[in-house]
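Chemist: need a 3D model of the following:
(chains A and B)
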Amino acid sequence: MNADLNMKVNVLPVYTYNFLHVNDSTINSSDIKIDNFSTPSANSLPNGVELKKDVSFEEAGSIFRKNKDRIMVSTGVPGEPNGDTSGRDDGQALRTGMGIDVDKLMIELGVKTDIFTVSENTKVSEPIILHYDMADGEGSLSAQVVHACKNSEVTVIMDYNSDKDASGFLGVSTRLLAEEGARITLVKTQLLGKEFLHFDDIGAACFDKGEVKLISLELGGKQNWNGCYTNLVGKESAFNCDMGYLCRDDHSLDLNYVADHRGKKTNALMQFKGVLMEEAQKTLRFTIDFKNGSAGSAGDEQEDTLLLSPDVVNRTMPIILCQEEDVDGRHGATIGQLGEDLLFYMQSRGIDEEEAKRIMIKARLESVSRLIPDDELSQKVQYYIQGIV
Amino acid sequence: MSENKQIVADIDRSLYDFKDVENEKDFYRMEEGLTKETVLKVSEEKNDPEWMRDFRLHCLDLYEQIKMPNWGPSIEGLDMDRISSYVRHKSDMKGKWEDVPEDIKNTFEKLGIPQAERESLAGVGAQYDSELVYHNVKDEVAAQGVIYTDLESALHGEYADMIKEHFMKLVPPTDHKFAALHGAVWSGGSFVYVPKGVKVDIPLQSYFRLNAAGAGQFEHTLIIVDEGADLHFIEGCSAPKYNVANLHAGCVELFVGKNARLRYSTIENWSKNMYNLNTKRALVEENGIMEWVSGSFGSHTSYLYPMTILKGNDSKMEFTGITFAGKGQNLDTGAKVVHQGERTTSVISTKSISKDGGIGTYRSSVTIQKTAKKAKASVSCDSLMLDSISRADTIPAMDIRTDDADVGHEAKIGRISDEAVFYLMSRGISEEDAKAMIVSGFANPVSKELPLEYAVEMNNLIKLEMSGH
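Modeler: Okay, the predicted model is just below:
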């Protein structure tokens, strides 16, 4: 079937100046060909993981709706931040980074959800690997729920790839629930062709000592949207995010990451390392939101962006919202080209400027790709990076 | 160590919170609300030239078309139908303190303005409600060719063309709803021109007092610092508290010439019924320097983001600000900078303190345009939360459109560190004193940038009282 996409996504948790054009983003594409509405099968299903296939998107949200009171626990203290937009996503079973328009699309087009449930006290050593091998011109929408029950551990790897010149469309929704003491590692590698339209929407909730770790590499695609909203509702719950991206030609990458601290002693660390080349455009919104009651929590958001062309556009919105006294929130950003001192050092070692740039691109991206807990995929990504630089 | 909460006292506003009765005999007050008729009346009162009257009406049209901002603090409590746009004393502006009407003179005496003029200022302008009531500049400064006068006089004098060339060109009325409102009903404010190469050694100061209840103050400050010149301008503002909303929608336009320097210091201490929707902007030419020092303590609601356009190559900007948001206050403050010229530099450094349910928001934007090769920008914003019923939010943005730029940003939000208190206590300092020292130290980078008498005022405003029990 063919579909028109008209979505408002990646809405900032708080609006700011309109002239910056960063308060949200739109996906406007008509006549998108979509062939598949389900998740590709995993190579193998590890022991301890139960898979329920082809559940409707709404029904798959019931696990979150059932826990709505725990996930959206009210702080009881009034006082929204100025320009608050939280009401917009009220209808979602679980708030996600890209927002309610992704849910609406999935429901409208009847996308089926695969639910992976990891039973209590089960530590799954082998990752669940989902390969999205996209053909030229192919379109696909897919959705998953990963439910890690108490004290379980699981790794899910999602590998999006196609020929490097391919065009097409891939939209993915992933919702995660890490119950008490559970740990979910989600790895996403995007190596799609240079004419692909791609979005990837993530929502997560962590109960007491629950943890979500996200390793993400956005290296391909023409127009890309990513969002991740993590509800740190349980005491000592945690969100760790390492993201690497490369944006080149006239490609764009639009990101919205939020760590919503509600539980006590919660922890979030978000690190973004990326490279912009040629006429690429990147917008990064990342927010640490300390709600009242999140005493003892810490949040850190860091960005290191290498700009390698006079025609790139880099927008960054590092937001910290705070309604709790006993917290530690930090943000740091370094944005620019290679430093003269570094270049001088490289040249004094016989490395010319072009080679120095290649080394620094690789260094940034490989620092993330090395974290992939699957040797084969890690090598494939590193090979892809080498091919680019 | 114990987790005792520190208690920080409310700001003692008694110094500023005295009211003068404005009777019909001495004061003219325009009816409340905003219509074409009221705008024409203001224009008539001001004896505007034709172009200004037409400009006001154009601004009124824009005001009616432009929507309220969707991103800042709520301004639902502000009803323009209940705001009088123009209130003035029936006497004219004076050049000598002794000629200023007694009641108004007493107000400024209480605020210490004449004393400050005698001791440490090169010139003073004092605005009471909608009009300047006093303007004076020291002879030796005037002899250097420095012009410091009210804007209305300048509009009719030898600088009329200069005013027309610059008035609301930097802040066009299309900028936002309250810039349009300002263009429609502006009244009062100062015009400063510092000729080429002239360095004014001691500061000029304008003080704005809004005494009338349910009124708006819309003063316009236009400063032109010509090539190689140097000026420090100080702005102070206060008002008594009423139970109805008051509005301040002033506009400041600053033109800093080649190799010139302008420091613009503000201590804003409006009363807590004030909606402070002020717009400030500077344009800096080649190798010019713009320095902002800003203290925001008063107001019920503030939207305040001084903006600098670094147009000339090698031009520089520094913004140092502090915001103290207490009970019932929602202060949304910060800075904006646009780098256009090559090798331009900006440094933004802010501190904010939130307590007792106050909302302090740091909001900024740093834009580096394609032409700004080798630009450098550095932003640092620190927030201190003194309890868990307040808010401290930082909402910065960076938009970078060249690779040949170096941009750094850091932000921190936290509370008074137990370790720092413990360290000071281990050196024999009491817990209360230790916490007081830490908060004073937090505000120190701003207070040290202020002239001494203003630093003292700021410390008086903060008035922190600590208790560990």
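
Chemist: quick one: terminal-to-terminal distance for stretch B:312-320?
Modeler: End-to-end span of stretch B:312-320 (CA to CA, to the nearest Å): 22 Å.

Chemist: going along the chain from the helix or strand containing B:T394, find the next helix or strand for me.
Modeler: In the assignment (DSSP states H and E), B:T394 maps to strand B:391-400. For strand B:391-400, the succeeding helix or strand toward the C-terminus, using DSSP H and E, is strand B:405-414.

Chemist: mind checking how far the very next helix or strand once past that following strand is from the chain centre?
Modeler: Moving toward the C-terminus from strand B:405-414, the next helix or strand (DSSP H and E) is helix B:418-426. Relative to its parent chain, helix B:418-426 has a centroid offset of 36 Å by CA atoms, centre = their mean, to the nearest Å.

Chemist: now do the contacts for residue 352.
Modeler: I'll assume chain A. Counting by CB atoms under 8 Å, 6 or more residues apart in numbering or on different chains, A:D352 makes contact with A:M346. Yep, even glycine has a C-beta here, placed from its N, CA and C like the rest.

Chemist: if you could check chain B rather than the one you did, that'd help
Modeler: B:322-325, B:331, B:333, B:360, B:362, B:381-384, B:392.

Chemist: give me that answer again for 6 Å
Modeler: B:T323, B:G360, B:Y362, B:S383 (CB atoms under 6 Å, 6 or more residues apart in numbering or on different chains).

Chemist: what does B:A126 give?
Modeler: Contact analysis of B:A126 by CB under 6 Å, 6+ apart lists B:F108, B:I113, B:V133, B:Y134, B:Y207.

Chemist: secondary structure of it: a strand, I assume?
Modeler: Yes. If the criterion is DSSP: H, G, I helix; E, B strand; the rest coil, then B:A126 is within a strand.

Chemist: which residue packs closest to it, ignoring adjacent ones?
Modeler: Closest residue to B:A126 apart from its sequence neighbours, by CB to CB, 6 or more residues apart in numbering or on different chains: B:Y134 at 4.3 Å.

Chemist: next, count neighbours for the one you found.
Modeler: 24 (other CB atoms under 10 Å in any protein chain shown).

Chemist: can you give me the offset of the helix or strand where it lies from its chain's centre?
Modeler: Per DSSP H and E: B:Y134 is located in strand B:131-137. Put simply, strand B:131-137 sits 19 Å off its chain's centre (CA atoms, centre = their mean).

Chemist: cool, and stretch A:81-101?
Modeler: Chain-centre distance of stretch A:81-101: 16 Å, with CA atoms, centre = their mean.

Chemist: ok, and what's touching it?
Modeler: Contacts of stretch A:81-101 (CB under 6 Å, 6+ apart): A:7-11, A:14-15, A:61, A:64-65, A:103, A:175, A:201-203, A:227-229, A:256, A:321, B:71-73, B:332, B:361, B:393.

Chemist: of those, which belong to strands?
Modeler: Using DSSP state E, the members of the contacts of stretch A:81-101 that fall within strands are A:7-9, A:175, A:201-203, A:227-229, A:256, A:321, B:332, B:361, B:393.

Chemist: pick out the most distant pair among the residues you listed.
Modeler: Greatest spacing in those, by CB to CB: A:R175 and B:D332 (34.1 Å).

Chemist: quick one: contacts for A:S142?
Modeler: Residues counted as contacts of A:S142 (CB under 6 Å, 6+ apart) are A:T39, A:V172.

Chemist: circling back to that earlier point, just name the closest of the ones in strands among the contacts of stretch A:81-101 to A:Q144, please.
Modeler: Distances from A:Q144 to these, taken by CB to CB, are shortest for A:R175, at 7.3 Å.

Chemist: residues near that closest one, how many?
Modeler: Around A:R175 there are 27 residues (other CB under 10 Å).

Chemist: A:Q144 is in contact with that one, correct?
Modeler: No. Using CB atoms under 6 Å, A:R175 is not in contact with A:Q144; the gap is 7.3 Å.

Chemist: before we move on, the earlier item: roughly how far does the residue nearest to B:A126 sit from B:Y207?
Modeler: According to CB to CB, to the nearest Å, B:Y134 stands 9 Å off from B:Y207.

Chemist: same deal with B:F255?
Modeler: Using CB to CB, B:F255 is found at 22 Å from B:Y207.

Chemist: what helix or strand does the residue nearest the centre of chain B sit in?
Modeler: Most central in chain B under CA atoms, centre = their mean is B:T266, positioned 5.1 Å from the mean C-alpha point. In the assignment (DSSP H and E), B:T266 maps to strand B:261-269.

Chemist: parallel or antiparallel, list what pairs with that strand.
Modeler: strand B:230-238 (parallel), strand B:289-296 (parallel) (DSSP bridges).

Chemist: off-centre distance for that strand?
Modeler: Going by CA atoms, centre = their mean, where strand B:261-269 is centred and where its chain is centred differ by 7 Å.

Chemist: give me the contact list for the helix or strand just after it.
Modeler: Next helix or strand after strand B:261-269 toward the C-terminus (DSSP H and E): strand B:274-277. Contact with strand B:274-277 is made by B:75, B:78, B:178, B:239, B:245-249, B:270, B:299-303, as judged by CB under 6 Å, 6+ apart.

Chemist: among the residues you listed, the buried ones, what's the PyMOL command?
Modeler: This is how PyMOL selects the buried members of these, with burial counted by 16 or more other CB atoms under 10 Å in any protein chain shown:
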select buried, chain B and resi 75+78+178+239+245+246+247+248+249+270+299+300+301+302+303
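
Chemist: between the contacts of strand B:274-277, which sits nearest A:A280?
Modeler: Using CB to CB, the contacts of strand B:274-277 come closest to A:A280 at B:Y303, 33.9 Å.

Chemist: show me what from the stretch 151-300 of chain A comes close to chain B.
Modeler: A:N292 (CB under 6 Å from any CB of the partner chain).

Chemist: ok, now how distant is A:I288 from A:V9?
Modeler: 21 Å.
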